[in-house]
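Trainee: Could you look at this predicted model? Sequence included:
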Amino acid sequence: MPNSFGKLFTISTWGESHGPAVGVVIDGCPPGLPLTASEVQAELDRRRPGQSDITTPRKEADSVEFLSGLFEGRTTGHPLAMLVRNADARSEAYDEMREKFRPSHADFTYTAKYGFRDHRGGGRSSARETIGRVAAGAVAKKILQLAGEVEVRAFVAQIHDIIAPTVTKFPTLAQVEASAVRCPHPATAAKMISRIKRVRSKGDSVGGVIECRMRGVPVGLGEPVFDRLEADLAKAMLSLPATKGFEIGSGFAGTMLKGSQHNDVFVNKRGRIGTQTNRSGGVQGGISNGEEIVFRVAFKPTATILQTQRTVDVRGASTELKARGRHDPCVVPRAVVIVEAMAALVLVDHWMRHVAQNGSFKF
C-alpha cells in the first residue's frame, strides 16, 4: 500500500484513525531551516476536530511531537519525523461496522482489495490520516515563505447550493479565519453555517467547494508532459478523502468560451512579462507562468450520516445501518488547511526539482 508523496521533498504518512498515533516522515527537507513546534501546531489547530459547533465533537489536542530531524530549532537534513497521539477514539461506536458496509465509504473496496480492514473509524481511509499532511505542509509553507515569499491561501467558495461571490483580491488569513466555515464573505458565511446546522439537525450532511490561490509563484515550475504542475496539483487534491472534482483557472466554465474570449493576452507588467487575464489559472503548458495559481476542489457530502440506510453485510445479506460516532456534517471547513498543505507540498517538490535541473532559481 503506497503511503508516500513527492519526488525530492517526499512525505510518508502513517497511522490509523483509532490507533495509538498518526504522523509523517519528511525525506528531503533541507538542513538549516528554522522551525518550531508552534509553527506546525498552528496549522494542526486549524485542522483539529472540535474547534466549532459545525464540526465533529471529537476532542483531540493534536499536539505535535518531533521525533527526529530537528536540533536546536533547525532542521538537520535527516528524516524529519512528527507524531500526533490519538486520545479520544471511542472505537466501540464502530462495532457494528465490523460486519456492515457503510454506504459510500471505503469499507467494501478495502475488504475486496486486501481481504480484511480496520473497521474502527475507517483505519487508513479516515480523514485523520491528513494530520501528517498538514504537519508536512506547515514545513513546506515555511520553505516557500523563506525561498520567495510564496503565499498559499484556500477558502470555502461553496457549501451545498450556497455560492459565495467571486473573490477578486487575494484574501488574508484573518478574513478566512473570521468565521467557522472559513468563507471570506461574511454574509455568505452566515448562510453556510445556518445550512450546515440545519442539515446536521436532520442527521444529514452537505458538501462544497474550496478555492485555493497561490501568489508569488515564480515562472518555470512544472513539466510539459506527465509531471505538469496542474496534473500534480490534481493528484494531490484528489488524494484527499471526500474529493470528487478538480478544476484550475476557468475550469469547466471555460468550455463555454471561444478561443478569442479565453486566451490570456501577454503584456508587460512593470518590467516583467505577464498576462492581462488569468483564465489559465497561473499554469500554461504544464508550467507556472508567474500569475496567481487558482484552482478549486469539490468535496462530496460526508458519507457517514445519522440516518438509517440500507446496505449489506460482509456476506452480502441485506441489512440496515445507522451510523454512530462523531462526524462532521460538512468536511469542507476543516479541509481548507489540508488543501493548502497539499498545494504547498506540490510547489516545494517542483521548486526543488527545478533547482536540481537548472542550478539556480530566480524569484
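Mentor: That came in fine, so what should we check first?

Trainee: then the helix or strand of the chain with the lowest mean pLDDT to CSV, C-alphas only?
Mentor: For the chain, using mean pLDDT, DSSP states H and E, the weakest element among its helices and strands is helix 107-114, scoring a mean of 91. The C-alpha trace of helix 107-114 is given here as CSV (Å, rounded to 0.1, in the frame of the first residue of the first chain):
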residue,chain,number,x,y,z
ASP,A,107,-15.4,-0.4,3.7
PHE,A,108,-16.4,-2.6,0.7
THR,A,109,-13.5,-1.7,-1.6
TYR,A,110,-10.9,-2.1,1.2
THR,A,111,-12.3,-5.5,2.0
ALA,A,112,-12.4,-6.6,-1.6
LYS,A,113,-8.8,-5.4,-2.2
TYR,A,114,-7.0,-6.5,1.0
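
Trainee: Mind listing residues that contact that helix?
Mentor: Helix 107-114 is contacted from outside by 1, 97, 100, 101, 117, 119, 122, 123, 125, 314, using CB atoms under 8 Å, 6 or more residues apart in numbering. Every residue, glycine included, has its C-beta placed from N, CA and C.

Trainee: same deal with stretch 262-277?
Mentor: Taking CB under 8 Å, 6+ apart as the rule, stretch 262-277 contacts 250, 254, 278, 279, 280, 284, 289, 290, 291.

Trainee: which residues of this protein score low on pLDDT?
Mentor: For the chain, the stretches with pLDDT under 70 are 58, 89, 91, 93, 325-326, 360-363.

Trainee: Grab the longest helix from it for me.
Mentor: helix 332-358 (DSSP state H).

Trainee: hmm, back to that, now do the helix or strand just after the least confident helix or strand of the chain against helix 332-358, angle only.
Mentor: Next helix or strand after helix 107-114 toward the C-terminus (DSSP states H and E): helix 130-148. Relative orientation of helix 130-148 versus helix 332-358 (axes from the mean of the first three to the mean of the last three CA atoms, to 10 degrees): 50 degrees.

Trainee: that older thread, list the buried residues in the least confident helix or strand of the chain.
Mentor: Residues of helix 107-114 classed as buried by neighbour count (16 or more other CB atoms under 10 Å): 107, 108, 110.

Trainee: could these go into JSON lines alongside distance to residue 206?
Mentor: Listed next are the buried residues of helix 107-114 as JSON lines, based on distance: CB to CB, whole Å:
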{"residue": "107", "distance to residue 206": "22"}
{"residue": "108", "distance to residue 206": "24"}
{"residue": "110", "distance to residue 206": "25"}
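
Trainee: What is the nearest of these to residue 40?
Mentor: residue 110 (29.7 Å; CB to CB).

Trainee: gap between the two ends of stretch 172-181?
Mentor: 15 Å (CA to CA, to the nearest Å).

Trainee: May I have the secondary structure class of residue 241?
Mentor: coil (DSSP: H, G, I helix; E, B strand; the rest coil).

Trainee: Please tell me I have it right and it contacts residue 130.
Mentor: Yes: the pair residue 241 / residue 130 is scored as a contact, 7.1 Å apart, by CB atoms under 8 Å.

Trainee: Give me the more crowded residue out of the two.
Mentor: residue 130 (23 against 20; other CB atoms under 10 Å).

Trainee: buried sites along the longest helix of the chain?
Mentor: Across helix 332-358, burial judged by 16+ other CB under 10 Å covers 332-354.

Trainee: Please, where are all the helices along the stretch 201-350 of the chain?
Mentor: 229-238, 259-262, 332-358 (DSSP state H, counting those that start in this stretch).

Trainee: Residue 82 is nearest to which of the ones you listed?
Mentor: Of all these, helix 332-358 comes closest under CB to CB, at 12.6 Å.
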